[in-house]
Every structure is written in C-alpha cells, then in structure tokens.
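S.K.: sharing a sequence plus its predicted fold:
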Amino acid sequence: QVQLVESGGGLVQAGGSLRLSCVASGRTFITYAMAWFRQAPGKEREFVGGIRSSDSSTDYGDSVKDRFTISRDNAKNTVYLQMNSLKPEDTAVYYCAARRWLLTRNRYDYNYWGQGTQVTVSS
C-alpha cells in the first residue's frame with residue numbers, strides 16, 4: 001500500500017511559478033512510476049506528466065510541455081512538479097498518482113492517488 005500526500009498548491013498570477021511536491025509512504029518508491037494529473041471543474045482528469053521508475057525519464061502532456069518539469073528524489077520518496085509560465089487555463093486540482101514500474105498516460109492504470117492540491121492562476 002502506498003499513501004501519497006501532495007503540497008505546494010496556491011494562488012499565483014499568470015506568468016508566475018509554483019512547485020508541487022508529492023511524498024510517498026513505503027520502502028519501494030523507486031519501483032513506482034509517478035505521474036501528475038489535473039482536473040478542472042466540469043472537465044475530465046488530464047495527464048500532466050510523469051516520471052519513470054527505471055531511469056527517471058519523463059513524459060509530458062502537450063499543454064504543459066516546455067513549461068512544466070517533473071523530477072524525483074528517491075532518497076526522500078518525493079516527486080516534484082515545477083510549473084513555470086502559468087496560465088489561467090492551468091487552474092485545476094492537481095493529483096499525484098503512482099503505479100508499479102511502467103509510466104502511462106491513462107488515469108485508470110494508476111492504483112494510488114493523493115488527495116489533490118488546488119492551483120489557481122489569476123489573469
């Protein structure tokens with residue numbers, strides 16, 4: 001069982017930056033692919049990006065590519081989402097998710113989820 005706790009959300013002006021963190025419980029963090037999803041009101045939960053367990057390579061959704069960066073610190077059981085050049089359309093609840101080994105973009109593949117953290121970008 002893995003428990004995920006996100007932090008770092010808040011209110012920021014357009015063009016600003018935020019860094020989200022997700023801390024995982026357990027001793028096998030290194031074996032988990034970690035992903036970030038987001039969900040805006042009335043919309044489907046969307047893949048933001050993720051980082052692989054094997055080599056820490058990353059994958060990003062098209063809407064955030066070149067603005068967001070995901071990294072992980074396996075010694076701290078933590079994954080980060082650095083968000084730069086934020087836009088009002090980035091406003092959503094951001095969720096951290098985990099699954100063993102393989103990174104995918106499909107939210108239904110993920111076994112473990114955090115409670116979410118609100119990010120609001122004002123224009």
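M.R.: Received the coordinates, thanks. In this text, all values refer to a predicted model and were calculated from it rather than measured experimentally.
S.K.: thought Ser71 was touching Ser57?
M.R.: No: Ser71 lies out of contact with Ser57 (CB atoms under 8 Å); the separation is 11.2 Å. For every residue, glycine as well, the C-beta is placed using N, CA and C.
S.K.: where do the strands sit along this structure?
M.R.: Ranges of strands within the chain are 4-7, 10-13, 18-24, 32-39, 46-51, 58-60, 68-73, 78-83, 92-100, 112-113, 117-122, based on DSSP state E.
S.K.: which one of these is the most hemmed in?
M.R.: Comparing those on average neighbours per residue, with mean count of other CB atoms under 10 Å, the densest one is strand 32-39 at a mean of 24.
S.K.: who does it touch, helix- and strand-wise?
M.R.: strand 18-24, strand 46-51, strand 68-73, strand 78-83, strand 92-100 (3 or more CB pairs under 8 Å, 6 or more residues apart in numbering; DSSP states H and E).
S.K.: tell me which of those lies nearest to Phe37.
M.R.: Among the helices and strands packed on strand 32-39, strand 92-100 comes nearest to Phe37, with 4.8 Å by CB to CB.
S.K.: pull the CA atoms of the closest one into CSV?
M.R.: Extracted C-alpha coordinates of strand 92-100, given in CSV (Å, rounded to 0.1, in the frame of the first residue of the first chain):
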residue,chain,number,x,y,z
ALA,A,92,-7.2,22.9,-11.5
VAL,A,93,-6.9,20.4,-8.7
TYR,A,94,-3.5,18.6,-9.2
TYR,A,95,-3.2,15.0,-8.2
CYS,A,96,-0.2,12.8,-7.7
ALA,A,97,-0.5,9.2,-8.8
ALA,A,98,1.6,6.0,-8.6
ARG,A,99,1.7,2.7,-10.3
ARG,A,100,4.4,-0.1,-10.3
